[in-house]
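Chemist: Requesting a structural model of the entry that follows:
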Amino acid sequence: MIKKTLIAGAMAASLAACDVAPVQQSPSAPTTSAPVSSGPVLSAKQAARSFVRVVNTLEPVAERECRARTTGVNCDFNIVVDDRPGQPANAFQTLDKQGRPVVAFTLALIADARNEDELAFVLGHETAHHIGGHIARQQQNAVAGAVIFAGLATLSGGGAEAVRTAQQLGAQVGARTYSKDFELEADALGTIITARAGYDPLRGAEFFTRIPDPGDKFLGTHPPNASRIDVVRRTMAGL
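Modeler: Down below sits the predicted model:
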């Protein structure tokens, strides 16, 4: 089922919970080894129909992969569309209050897609975040970072304010420590899900050629686009 809207407060909490790959327009495509000829932008009607087809086709496949790869995990994906005006092209995965996995697409992302393979790859990637347990693992890393930094601040004689600041910094560093690994894991499993749903992950991953390249920044949240495309290619070669 596709729901149309999300409450604004829940959206903000979701973005804080799971930082996943934004798909944003860029004035110039980053330099990668992948082709950029992924086709023209779809019309609004075509994009809407394509999105519905992709959800109906890929969600059952993602659910099967989830059940096969996890134990005691809610695999009933809820696909939603954020129709708030002015939102950038983006998709993310989070959990609702009952622990049900939610995958949200903004209208701008759906409109920016060149084909159904791109929509399928993004959806496969986001469902893979849930299957990989990335939200829980990110939270664990944040807690560990907060504890370590607070301990160091205490040992160095810092006061209460210094310890609180260290906790906040430690949580940020901890949450970002393995975020690049999580993205590559989601790219790999997302490739498998996309392919098993009958779509072309290589064609779908061409959207990486149209988004800003984060490079290889220290403690950055996303790996270089070229690395992500390489993961898709290697995963496909192994299928």
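Chemist: where do the helices sit along this structure?
Modeler: When assigned using DSSP state H, the helices of the chain occupy the ranges 8-17, 44-69, 107-112, 116-131, 134-155, 160-177, 179-196, 201-204, 225-238.
Chemist: And those helices, which one averages the lowest pLDDT?
Modeler: Of all the helices of the chain, mean pLDDT reaches its minimum on helix 8-17 (a mean of 35).
Chemist: so who does residue 58 touch?
Modeler: For residue 58, the contact set (C-beta atoms under 8 Å, 6 or more residues apart in numbering) comprises 120, 123-124, 127, 193-194, 197, 199. C-beta: built from backbone N, CA, C; applies to glycine.
Chemist: Show the model's pLDDT score for the residue nearest to it when sequence neighbours are not counted.
Modeler: Excluding its sequence neighbours, the residue lying closest to residue 58 (C-beta to C-beta, 6 or more residues apart in numbering) is residue 197, at 4.1 Å. Confidence at residue 197, expressed as pLDDT, is 97.
Chemist: and residue 197, what is it in contact with?
Modeler: Counting by C-beta under 8 Å, 6+ apart, residue 197 has contacts 57-58, 61-62, 120, 124.
Chemist: Output those residues as TSV; include the columns distance to residue 69.
Modeler: Listed next are the contacts of residue 197 as TSV, based on distance: C-beta to C-beta, whole Å:
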residue	distance to residue 69
57	20
58	16
61	12
62	11
120	19
124	13
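Chemist: Can you flag the buried ones in those?
Modeler: Among those, those buried by neighbour count (16 or more other C-beta atoms under 10 Å) are 58, 61-62, 120, 124.
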